[in-house]
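> have a look at this prediction, sequence included:
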Amino acid sequence: MTENIQTQDSLSLVAIAEQFTLPGKVTGVQAFGSGNINDTFLVTLDAAEKKHFVLQRINTQVFRQPALVMQNMRTLTEHVGDRLQRTPVNRRWEIPRVLLTKDAQDYWQDQAGSFWRAISFIAGSQSFDTLQDNSRAPEIGYALGMFHNLISDLPPEKLADTLEGFHITPVYLQQYNEVLTRINPPTSPEVNYCLQFVSDRTTFAQVLENAKAQGDLPLRLMHGDPKINNVMFDTTTQKAVSVIDLDTVKPGLIHYDIGDCLRSGCNPAGEETEQWESVYFDTELCQGILQGYLSVAKAFLIENDYTYIYDAIRLIAFELGLRFFADYLAGNVYFKVKHSEHNLARALVQFKLTESIESQETKIRKIIQEMRLIRNS
């Protein structure tokens, strides 16, 4: 279950921010971002250069080993920092840095037991919840490809699995079935649609995990949450400059990342739309994102990776819809919600997106095949 988190007053937030080693005095703290898990704040400093940093309270009901989360983040960011120093890329690219406390720790724990951490702010950048402009699509793909490329030589065993079962679809299906045994689902056309939708796709949920078990897909490090609003764009050049929100980086299949990036990037209506009937998967955006991704990722991908890209796109939309729907049935205990039907509405968006992906399977597979041929030419 998520924590019942009450908003900190501004004075205590300033005091928490001051626990970290900073280049200036804290002049303000304000709520920041739209994440569903952690509480995030932007801290302003009276410094000459580094005028901001990000302060977060880690949700320890979701991340039950926050010290390991921070250890992972330091291992990853230090590895990427070293790689960028050894082999700089020919454009702006940054990785969020972990800022230490005054006693050189990577998190601070308050008297209530909450875990706080500070992360560098990617200045002069912004993110987007939807890709209304097709020109940004290749940059979204490039960002994920660059992220995967920079960690492709970091052995998966170097990072702890801090979220066991995360992005393993059969696990979510099992949890969903356990919820169904405990409750009587409310009766409505929307709920009935979702129940039938999941029932029709139970065998498909195994596709990527079966590929991993058979040795078709290798275990690598994955971001875990590469939705498009975790890609930062330079406000001047409009080029992607960073991938943020590194809590969920862990050993896994990069196909969950590829699918999640395309799921979020190719839905012009966005995840939070209430007009779920109008949701569709935009194949032009799909082509642009894949083009950008493969321009970097082709250096480390194997032939089997291409074989499972379509399955990944379809599966991850289904998986997220399944998670939202299960949380709705369980009483909204995981994702933050604005009203009691919020997770049901989110599930409907993802299931409608899954339907759109399924209806365009031939077209999507053709796009992937064309990219594969370009790689091999």
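That came through fine.
> strands of this protein, start to end?
26-31, 39-45, 52-58, 98-99, 108-109, 115-120, 125-126, 220-222, 231-234, 240-243, 250-252 (DSSP state E).
> now the third one, how far from the chain's geometric center?
Between the centre of strand 52-58 and the centre of its host chain there is 17 Å, according to C-alpha atoms, centre = their mean, to the nearest Å.
> partner strands of that strand, with direction?
In the sheet, strand 52-58 lines up against strand 39-45 (antiparallel), strand 115-120 (antiparallel) (DSSP bridges).
> ok, and what's touching it?
With C-beta atoms under 8 Å, 6 or more residues apart in numbering as the test, strand 52-58 has contacts from 5, 8, 13, 16-17, 20, 22, 29, 32, 38-45, 66, 69, 96, 99, 107, 114-121, 123, 247. For every residue, glycine as well, the C-beta is placed using N, CA and C.
> quick check on those residues: which are buried?
Buried members of the contacts of strand 52-58, scored by 16 or more other C-beta atoms under 10 Å, are 8, 13, 16-17, 20, 22, 29, 32, 38-41, 43-45, 66, 69, 96, 99, 107, 114-121, 247.
> sorry, back to before: got a markdown table for the strands paired with strand 52-58, with mean pLDDT and distance to V54 too?
Listed next are the strands paired with strand 52-58 as a markdown table, based on pLDDT from 0 to 100; distance: least, C-beta to C-beta, whole Å:
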| stretch | mean pLDDT | distance to V54 |
| --- | --- | --- |
| strand 39-45 | 94 | 6 |
| strand 115-120 | 96 | 5 |
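> as CSV, the ones you listed with distance to T187 would be great.
What follows is the strands paired with strand 52-58, written out as CSV (distance: least, C-beta to C-beta, whole Å):
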stretch, distance to T187
strand 39-45, 35
strand 115-120, 41
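> so which of the ones you listed gets nearest V191?
V191 lies closest, by C-beta to C-beta, to one member of the strands paired with strand 52-58: strand 39-45, at 30.6 Å.
> if we look at that closest one, which residues are touching it?
5, 8, 13, 17, 22-33, 51-57, 59, 118, 121.
> can you give me the domain assignment for this protein?
As assigned by automatic domain parsing, the chain contains the domains 10-122, 134-376.
> what's the most buried one of these?
When you average the neighbours per residue for each of the domains of the chain (mean count of other C-beta atoms under 10 Å), domain 134-376 leads with a mean of 19.
> quick check, distance from that one to the centre of its chain.
For domain 134-376, the distance to the chain centre is 9 Å (C-alpha atoms, centre = their mean).
> weakest of the domains of the chain by average pLDDT?
With a mean of 91, domain 10-122 has the lowest mean pLDDT of the domains of the chain.
> give me the nearest residue to Q287, chain neighbours excluded.
I367 (5.0 Å; C-beta to C-beta, 6 or more residues apart in numbering).
> enumerate every residue touching the one you found.
By C-beta under 8 Å, 6+ apart, the contact list for I367 reads 283, 286-287, 290.
> check contacts around V231.
Taking C-beta under 8 Å, 6+ apart as the test, what V231 contacts is 127, 139-140, 143-144, 240, 242-244.
> looking at the sheet around it, what are its partners?
Beta-bridge partners, per DSSP bridges, of V231: V243.
> can you tell me the closest non-neighbouring residue to the residue nearest the centre of the chain?
Closest residue to the average C-alpha location of the chain: D225 at 1.3 Å, with C-alpha atoms, centre = their mean. Distances taken as C-beta to C-beta, 6+ apart place T248 nearest to D225, at 4.7 Å, with adjacent residues excluded.
> before we move on, the earlier item: any chance of the strands of the chain in JSON lines, plus distance to T87?
Conversion of those to JSON lines gives the following (distance: least, C-beta to C-beta, whole Å):
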{"stretch": "strand 26-31", "distance to T87": "36"}
{"stretch": "strand 39-45", "distance to T87": "32"}
{"stretch": "strand 52-58", "distance to T87": "27"}
{"stretch": "strand 98-99", "distance to T87": "22"}
{"stretch": "strand 108-109", "distance to T87": "34"}
{"stretch": "strand 115-120", "distance to T87": "21"}
{"stretch": "strand 125-126", "distance to T87": "23"}
{"stretch": "strand 220-222", "distance to T87": "18"}
{"stretch": "strand 231-234", "distance to T87": "21"}
{"stretch": "strand 240-243", "distance to T87": "17"}
{"stretch": "strand 250-252", "distance to T87": "24"}
